[in-house]
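K.L.:
need coordinates for the below:
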Amino acid sequence: MKSVSLFSGVRRVLCIGAHCDDIEIGLGGTILEMLRVNPQVEIHWAVFSGNETRHAECRESFNAFVPNAQDHQLVMHSYRDGHFPSRLEAVKESFESLKSIDPDLVFTHTRFDRHQDHRVLSDLAWNTFRAHLIWEYLIPKWDGESIEPNLYVPLSEDQVVRVCEKLQRSYVSQRSKHWFDEETFRSVRRLRGVESNTRYAEAFVIRKMVVGA
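P.N.:
Down below sits the predicted model:
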């Protein structure tokens, strides 16, 4: 299986997360790899829930993952965790403001994610960015996943270590959760590596892609 880089020509990326740590958990290594391949890429990071403490942690994590963070954009909203479907009109209105970014690549939750907040944002991404390339990322959770990814980004050992360290350092409030540890973050990436004939990887679902000559 040969690998190809799709990052070298990307100018602007939009990362969408329902919760403050979703983006880093799902594609933290991919962000590091993208910036390694293309340091000029412009990162836009949009998170839709969280309180003051969680937002402070999210900003610290954003600054850790994205060098020269002042050249990129972090947008945070405070919708109640678990209640996105009941606040759909308001969430959609906030989501519509992301249109002006006009990204080359959009990262969002998978359409069939069992978490209701994740599903809402995935649906909004597909409704809003109809002429854009969308990669859906996966989050380990109690509900499990029945989704088979079909796109993988190989990661180095160093990148995996950095993702684990940045998550643990930034999200102090989450450390008490039994699943929020290096073993979880590393093992998921090791499993994706097995699936893609590499050591470590992050996985995505890509549903539509238009290829030019």
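K.L.:
and the gap between the residue positioned nearest the centre of the chain and Leu191?
P.N.:
Taking C-alpha atoms, centre = their mean, the centroid of the chain lies closest to Ile23, which sits 3.1 Å from it. From Ile23 over to Leu191 the distance is 20 Å, taken as C-beta to C-beta, to the nearest Å. (C-beta placed from N, C-alpha, C; glycine too.)
K.L.:
please name the nearest non-neighbouring residue to the residue nearest to the centre of the chain.
P.N.:
Leaving out its chain neighbours, the residue that sits closest to Ile23 by C-beta to C-beta, 6 or more residues apart in numbering is Gly17, at 4.1 Å.
K.L.:
how about Phe107?
P.N.:
Distances taken as C-beta to C-beta, 6+ apart put Cys15 closest to Phe107, at 4.6 Å, once the chain neighbours are dropped.
K.L.:
identify the bridge partners of that neighbour.
P.N.:
Beta-bridge pairing of Cys15 under DSSP bridges involves Trp45, Phe107.
K.L.:
what comes up buried for the host helix or strand of Leu167?
P.N.:
Taking DSSP states H and E as the criterion, the element that holds Leu167 is helix 157-170. Under the neighbour-count criterion of 16 or more other C-beta atoms under 10 Å, helix 157-170 has Gln159, Val160, Arg162, Val163, Cys164, Lys166, Leu167, Ser170 buried.
K.L.:
contacts only, for the closest residue to the second one other than its chain neighbours.
P.N.:
By that I understand Val160. Once flanking residues are discounted, Val160 sits nearest to Tyr200: 5.0 Å by C-beta to C-beta, 6+ apart. For Tyr200, the contact set (C-beta atoms under 8 Å, 6 or more residues apart in numbering) comprises Gly29, Pro154, Leu155, Ser156, Glu157, Gln159, Val160, Arg186, Arg189, Arg190, Arg192, Gly193.
K.L.:
same thing with Phe7?
P.N.:
Contacts for Phe7 were tallied using C-beta under 8 Å, 6+ apart; they are Glu33, Met34, Val37, Asn38, Val41.
K.L.:
selection in ChimeraX covering whichever of those are buried, please.
P.N.:
Buried members of those, identified by 16+ other C-beta under 10 Å, are gathered into one ChimeraX selection as follows:
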select :33,34,38,41
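K.L.:
show me where this protein has its strands.
P.N.:
Shown for the chain, the strands assigned by DSSP state E span residues 12-17, 42-49, 73-79, 105-109, 133-137, 151-155, 200-205.
K.L.:
and the ones you listed as JSON lines, adding distance to Val91?
P.N.:
Conversion of the strands of the chain to JSON lines gives the following (distance: least, C-beta to C-beta, whole Å):
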{"stretch": "strand 12-17", "distance to Val91": "11"}
{"stretch": "strand 42-49", "distance to Val91": "7"}
{"stretch": "strand 73-79", "distance to Val91": "6"}
{"stretch": "strand 105-109", "distance to Val91": "13"}
{"stretch": "strand 133-137", "distance to Val91": "18"}
{"stretch": "strand 151-155", "distance to Val91": "27"}
{"stretch": "strand 200-205", "distance to Val91": "22"}
